[in-house]
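K.L.:
Sequence and computational prediction follow.
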Amino acid sequence: MKRPWLRIAFLILMLLPAAFVITLVHLRAPDLVVYCAHDSLYADAVIRKFEAQSGLRVAVKYDSEATKSLGLTELLIYEHERPQCDVFWNNELLGTRDLQARGMLAAYKGDGYARIPDKHKDADGLWTGFGARMRVYIVNTNRCNASYAAVDARLAADDLSRVAMARPLYGTTLTHYCVLWQQMGKAGVLGWHTSLRQRGLREVAGNSTVKNQVAAGACDLGFTDTDDFFLAKDAGAPVALLPVVTPNNTTIVIPNTVAIIAGARQPANARRFVDYLLSAETEIALANSPSRQIPLGLVDPSLIPPEVADLLPAAARGGTLSGLNEIRTACIAWLKGEG
């Protein structure tokens, strides 16, 4: 019996570009699915190097700047009954802790787990921190002295229209609020937040927007993270940083976290990726990237930039963030209702 459709299909394949035919032949499902809230500009290089070393094909879903980390956390919760993700590379901890509280993470203590200090990892191996950022003031040195006295004076002024901060419902600004809530109580944070708004604080979409406005001189100073500061500094902007110091005299150190999702389809590949992220190689690579992530495990100081090494004493003053789960839930509910 003749099959004319086979002849037609053969002719179509002959007419297609060779590269496209090869793509069709080798098309396959990924070996690993990663949801990543770290900036794709930096994370992608790490993931592609892992692919090259492991031979595994990784599919990555990134988050947006405006909903950084919270968007992917909510997606993972939505997918809880049918997980689509194997590994969650979060750019902060509180969302990861929320998933832990919901029983959505799988324990793993691999090669990299031991090199990370206890305060930056879960005792049962449900998540581990690495490559941290720190909350800082970014100061336009043409507009304001880079000293705590000058910054405190600006923040005490009646007009804060030239001070910027990302909306606190998302990302590291949410973590910042939760740390203050823990130290000052809800009433203290509400009073602080209300005072900032009443005096005209400029609330923007994300930390990168804060950085852009201060770098351009549209604002004198702002609250942001070390990675955004270094982008402005590298671009030649007249900026300096000062670590944010809390009422309890601590800094706010926010590690990346990695966790395997319970029910992951490819657990063995997930464990290989976690080991890679928690290695000294990855922490050194992140420290040398434009984002200048601060290593949490021991690394050779000569292999990281001097400006990162200079931040290590301030980073050592950072407290643990692992006790903020209930505060995070209450803070989000308040902020959503407050608008």
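P.N.:
Yes, it's here. This one's a predicted model, so the numbers in the text were calculated from it and none came from an experiment.

K.L.:
Please parse the chain into its domains.
P.N.:
Domains of the chain are assigned by automatic domain parsing as 30-132+255-309, 134-243.

K.L.:
Could you say which one of these comes nearest to Cys331?
P.N.:
Among those, the nearest to Cys331 by C-beta to C-beta is domain 134-243 (5.3 Å). No exception for glycine: its C-beta is placed from N, CA and C like everyone else's.

K.L.:
now do the same end-to-end measure for that closest one.
P.N.:
Using C-alpha to C-alpha, to the nearest Å, one end of domain 134-243 lies 7 Å from the other.

K.L.:
From the chain's centroid, how far away is that domain?
P.N.:
Distance, stretch centre to chain centre, for domain 134-243: 18 Å (C-alpha atoms, centre = their mean, to the nearest Å).

K.L.:
if we can go back for a sec, for the domains of the chain, give me TSV that also has distance to Cys331, mean pLDDT and mean neighbour count.
P.N.:
Shown next, in TSV, are these (distance: least, C-beta to C-beta, whole Å; pLDDT from 0 to 100; neighbours: other C-beta atoms under 10 Å):
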stretch	distance to Cys331	mean pLDDT	mean neighbour count
domain 30-132+255-309	9	93	19
domain 134-243	5	96	19
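
K.L.:
Go through these and name the closest to Glu326.
P.N.:
Closest to Glu326 of the domains of the chain is domain 30-132+255-309 (C-beta to C-beta; 9.0 Å).

K.L.:
quick one: that closest one to chain centroid distance?
P.N.:
On C-alpha atoms, centre = their mean, the centre of domain 30-132+255-309 falls 9 Å from that of its chain.

K.L.:
Report the next helix or strand after the helix or strand where Gln213 lies in sequence order.
P.N.:
Here Gln213 is covered by helix 207-215, with elements defined by DSSP states H and E. Next helix or strand after helix 207-215 toward the C-terminus (DSSP H and E): strand 221-225.

K.L.:
name the helices or strands packed onto that following strand?
P.N.:
Packing partners of strand 221-225 (3 or more C-beta pairs under 8 Å, 6 or more residues apart in numbering; DSSP states H and E): strand 128-140, strand 163-166, helix 171-198, helix 207-215.

K.L.:
Would you mind putting the ones you listed into TSV with distance to Val33 alongside?
P.N.:
Converted to TSV, the helices and strands packed on strand 221-225 look like this (distance: least, C-beta to C-beta, whole Å):
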stretch	distance to Val33
strand 128-140	19
strand 163-166	28
helix 171-198	23
helix 207-215	26
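
K.L.:
For Ala309, which of these is the nearest?
P.N.:
That would be, of the helices and strands packed on strand 221-225 and by C-beta to C-beta, strand 128-140, which comes in at 13.5 Å.

K.L.:
thinking again about what came up before, let's have the domains of the chain in TSV, adding distance to Gly318.
P.N.:
Below are these laid out as TSV (distance: least, C-beta to C-beta, whole Å):
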stretch	distance to Gly318
domain 30-132+255-309	8
domain 134-243	7
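
K.L.:
which residue ranges form the strands in the chain?
P.N.:
For the chain, the strands defined by DSSP state E cover 32-36, 58-62, 87-90, 105-106, 128-140, 163-166, 202-204, 221-225, 239-243, 253-261.

K.L.:
OK, contacts around the residue nearest the centre of the chain?
P.N.:
Nearest to the geometric centre of the chain sits Asn91, at 1.9 Å (C-alpha atoms, centre = their mean). Applying C-beta atoms under 8 Å, 6 or more residues apart in numbering, we find Asn91 in contact with 37-39, 68-69, 133, 171-172, 254, 256.

K.L.:
Now do the phi/psi pair for it.
P.N.:
Asn91 adopts backbone torsions of phi -100, psi 10, taken as degrees, to the nearest 10.

K.L.:
what's the closest of the domains of the chain to Ile332?
P.N.:
domain 134-243 (6.8 Å).

K.L.:
So Leu201 sits against Arg162, correct?
P.N.:
No. Between Leu201 and Arg162 there is no contact under C-beta atoms under 8 Å: 9.7 Å.

K.L.:
picking that back up, C-alpha coordinates for the helix holding Gln213, PDB please?
P.N.:
Taking C-alpha atoms only, helix 207-215 is exported to PDB below (Å, rounded to 0.1, in the frame of the first residue of the first chain):
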ATOM      1  CA  ASN A 207      16.100  48.500  43.500                       C
ATOM      2  CA  SER A 208      17.500  49.000  40.000                       C
ATOM      3  CA  THR A 209      15.200  52.100  39.600                       C
ATOM      4  CA  VAL A 210      16.400  53.400  42.900                       C
ATOM      5  CA  LYS A 211      20.000  53.000  41.600                       C
ATOM      6  CA  ASN A 212      19.200  54.700  38.300                       C
ATOM      7  CA  GLN A 213      17.600  57.700  39.900                       C
ATOM      8  CA  VAL A 214      20.400  58.300  42.400                       C
ATOM      9  CA  ALA A 215      23.100  57.700  39.800                       C
END
